[in-house]
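any chance you could fold what I've pasted below:
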Amino acid sequence: MNLSALAMQPEIFLAWTSIIKTLVIVFGIVLPIVSLTVFAERKVCAFIQDRVGPNRVGLPTTILGFKKDIRLLGLGQMIADPIKLLLKENFIPNSVNKFYYYIAPKLAMIPALLVLAVLPFGPNVFFGDIKVPLMVANVDIGILWVFAISSLGVYGIVLAGWASNSKYPFLGGIRSSSQMISYELSLGLSVIPVFLIVGTLNMQEIVMWQRENGWMVAPFWPKGFSLEQLLHGDFAAIGASFAAGFSVQRLLIWLPMVISFIIFLIAMFAETNRVPFDLPEAEQELVGGYHTEYSSMGFALFFLGEYAAMAAGSGVIVTLFLGGWSLPFIPDGSATSFFGIPFIPAWGASLIWGLIGMTIFLAKIAAMLFLFIWVRWTLPRFRYDQLMKLGWYFFFELALVNIFITALILALVKF
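Numbers count the residues shown, from 1 in each chain. Modelled structure (predicted):
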């Protein structure tokens with residue numbers, strides 16, 4: 001058996017493709033998204049506060065003898081920030097519990113990366129008879145994996161606050177543990193209506209259901225709509241597609257889905273410690289909260305973990321409620337042609353549609369990240385008693401009632 005045949009054996013093929021997809025997601029998607037999100041946060045913050053924001057760091061051409069650097073709208077700031085964190089002195093106070101102090105930033109970052117393993121970044125791509133899902137692990141309990149792994153992130157924050165042996169970090173760790181445990185209940189209960197409708201926990205199958213039946217937050221869906229209709233201006237067929245996708249059943253189920261979406265979105269703000277739920281690191285009260293005593297790469301890992309958690313949370317929201325990688329005219333990856341172009345083989349067409357689906361998925365994540373940023377620089381922070389009451393007295397009960405409403409609708413109306 002030659003090397004190529006050995007590599008195509010099912011177990012070996014799964015192993016090396018999973019490794020490649022993991023490297024692409026971590027180094028090709030997550031790290032660039034984190035850098036772009038930090039840069040976008042600074043620019044959006046400047047826009048809201050009527051400032052300029054980062055606009056100088058670009059290509060340092062003066063070191064080559066030129067008179068001016070090329071600023072590139074300040075995009076070089078995305079490179080300057082991580083270099084600054086890498087080169088800063090790693091100051092460690094003598095009073096810390098060093099073992100837990102060291103492992104806390106890793107525990108805060110790793111869960112966010114592991115959540116990305118079950119997110120479908122695009123449709124299944126076919127190479128002949130071999131199906132390659134554009135996700136690291138296509139498991140049947142994907143959403144349970146998300147909740148199980150994301151809940152571990154609180155351990156890194158609590159350990160950081162306790163191991164720092166300082167009052168402000170300790171208070172931040174205590175706040176975070178109470179906050180994340182409280183909103184995990186609402187987070188989990190809010191997605192049960194989705195499972196009642198779809199009937200599966202598999203993330204790719206949830207996206208495929210929405211591709212066929214409509215996004216969870218869309219009261220109508222264009223059935224049979226295609227890009228060819230749009231390109232040829234066949235508006236009669238487009239109107240018929242939208243009419244076929246509208247039904248009383250979809251309209252009835254739309255209300256509990258919107259409620260689930262709102263609860264899940266707000267709970268995700270609390271889970272990622274973002275404004276108005278940033279009590280664990282409130283600068284005006286706790287200096288910096290749980291990461292006050294961290295510097296250099298320790299602080300950088302907390303920073304990376306926060307923005308990676310935002311990206312992972314946005315990916316989960318997009319997958320469950322916004323159709324994932326799907327749009328009405330995007331094939332599922334098994335398409336054998338790309339607009340009938342003859343010189344593109346079937347596997348090439350499948351790959352192109354897969355890349356288009358991945359682009360759509362990342363664009364939706366970018367839109368959700370923009371919402372996270374916009375809310376941060378728009379809303380004030382809750383008081384801690386308001387935060388806890390909102391989680392326990394409002395969202396928890398509303399999520400429970402929403403489950404019963406969904407079950408009642410499904411029992412009375414065939415969907």
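
this structure: strands as residue ranges?
125-127, 130-132 (DSSP state E).

which of those sits most buried?
strand 125-127 (a mean of 19; mean count of other Cβ atoms under 10 Å). To be clear about C-beta, it is placed using only N, CA and C from the backbone, and glycine gets the same treatment.

paired strands for it, with orientation please.
Sheet pairing here is set by DSSP bridges, and for strand 125-127 it gives strand 130-132 (antiparallel).

distance from the partner strand to the middle of the chain?
25 Å (Cα atoms, centre = their mean, to the nearest Å).

what's that strand in contact with?
Surrounding strand 130-132, the residues in contact under the criterion Cβ atoms under 8 Å, 6 or more residues apart in numbering are 8, 13, 17, 124, 125, 126.

which residue packs closest to residue 252, ignoring adjacent ones?
Once flanking residues are discounted, residue 252 sits nearest to residue 409: 5.2 Å by Cβ to Cβ, 6 or more residues apart in numbering.

wait, that neighbour sits on residue 251?
No: using Cβ atoms under 8 Å, residue 409 makes no contact with residue 251, being 10.4 Å away.

of those two, which one has the most company?
Higher neighbour count among residue 409 and residue 251: residue 409, with 18 against 11, using other Cβ atoms under 10 Å.

what's the distance between the more buried one and residue 193?
Look at residue 409 and residue 193: by Cβ to Cβ, to the nearest Å, they are 9 Å apart.

find residues that contact each of these two.
With Cβ under 8 Å, 6+ apart, residue 409 and residue 193 have common neighbours residue 256.

just to revisit the earlier point, now the residue nearest to residue 252: how far from residue 248?
Using Cβ to Cβ, residue 409 is found at 11 Å from residue 248.

same thing with residue 331?
29 Å.

residue 74 too?
Distance from residue 74 to residue 248, by Cβ to Cβ: 52 Å.

ranges for the helices of the stretch 151-300 of the chain?
In the stretch 151-300 of the chain, the helices defined using DSSP state H, counting those that start in this stretch lie at 153-163, 167-190, 192-198, 203-213, 227-231, 235-244, 248-271, 283-286, 296-321.

where among those is average confidence lowest?
Lowest mean pLDDT within those: helix 227-231, at a mean of 71.

so which elements touch it?
Identification of packing neighbours for helix 227-231 by 3 or more Cβ pairs under 8 Å, 6 or more residues apart in numbering; DSSP states H and E yields helix 235-244.

can you list the helices and strands that the helix it packs on packs against?
Contacts defined by 3+ Cβ pairs under 8 Å, 6+ apart place helix 235-244 against helix 227-231.

name the residues of the helix it packs on that are buried.
residue 229 (16 or more other Cβ atoms under 10 Å).

got the contact list for that helix?
Against helix 227-231 from outside (Cβ under 8 Å, 6+ apart): 234, 237, 238, 241, 329.

how many other residues sit next to the second one?
Spelled out, it's residue 237. Counted with other Cβ under 10 Å, residue 237 comes out at 15.

tell me how far it lies from residue 290.
57 Å.

now the residue of the chain most remote from its centre: phi and psi?
Farthest-out residue of the chain from its mean C-alpha position, per Cα atoms, centre = their mean: residue 65, at 43.2 Å. Here is the backbone geometry of residue 65 (degrees, to the nearest 10): phi 110, psi 0.

that one and residue 262, how far apart?
57 Å.

nearest spatial neighbour of residue 318, skipping sequence neighbours?
residue 364 (4.4 Å).

if we can go back for a sec, got a ChimeraX select line for the buried ones in the contacts of helix 227-231?
In ChimeraX, selecting the buried portion of the contacts of helix 227-231, with burial taken from 16+ other Cβ under 10 Å, looks like this:
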select :238,241
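
let me know the closest of the contacts of helix 227-231 to residue 43.
Here the nearest of the contacts of helix 227-231 to residue 43, counting by Cβ to Cβ, is residue 329; it sits at 32.2 Å.

shouldn't the closest one be in contact with residue 226?
Yes: Residue 329 lies in contact with residue 226 (Cβ under 8 Å); the separation is 5.2 Å.

for the stretch 301-415 of the chain, what are the low-confidence residue spans?
The stretch 301-415 of the chain contains residues with pLDDT under 70 at 333-334, 336-340, 342-343, 414-415.

just to revisit the earlier point, find me the pLDDT at the residue farthest from the centre of the chain, would you?
Predicted confidence (pLDDT) for residue 65: 76.

state the distance from it to residue 59.
Residue 65 is 13 Å from residue 59, by Cβ to Cβ.

what do you get for residue 365?
28 Å.

which one's more surrounded, those two?
Per other Cβ under 10 Å, whichever of residue 365 and residue 59 has more neighbours is residue 365, with 26 against 14.

nearest to residue 97, of the helices of the stretch 151-300 of the chain?
Nearest of the helices of the stretch 151-300 of the chain (Cβ to Cβ): helix 153-163, 4.2 Å.

what's in contact with that closest one?
The contact list for helix 153-163 (Cβ under 8 Å, 6+ apart) reads 96-101, 103-109, 111-112, 169-174, 176-177, 180-181, 271, 273, 280, 289-291, 294, 302, 305, 309.

mind doing that once more with 6 Å?
Applying Cβ atoms under 6 Å, 6 or more residues apart in numbering, the contact partners of helix 153-163 are 96-97, 100-101, 104, 107-108, 111, 169-170, 172-173, 176-177, 180, 290.

then stretch 58-76?
Contacts for stretch 58-76 (Cβ under 6 Å, 6+ apart): 54, 55, 56, 57.

output those residues as TSV; include the columns neighbour count.
Conversion of the contacts of stretch 58-76 to TSV gives the following (neighbours: other Cβ atoms under 10 Å):
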residue	neighbour count
54	19
55	15
56	13
57	19
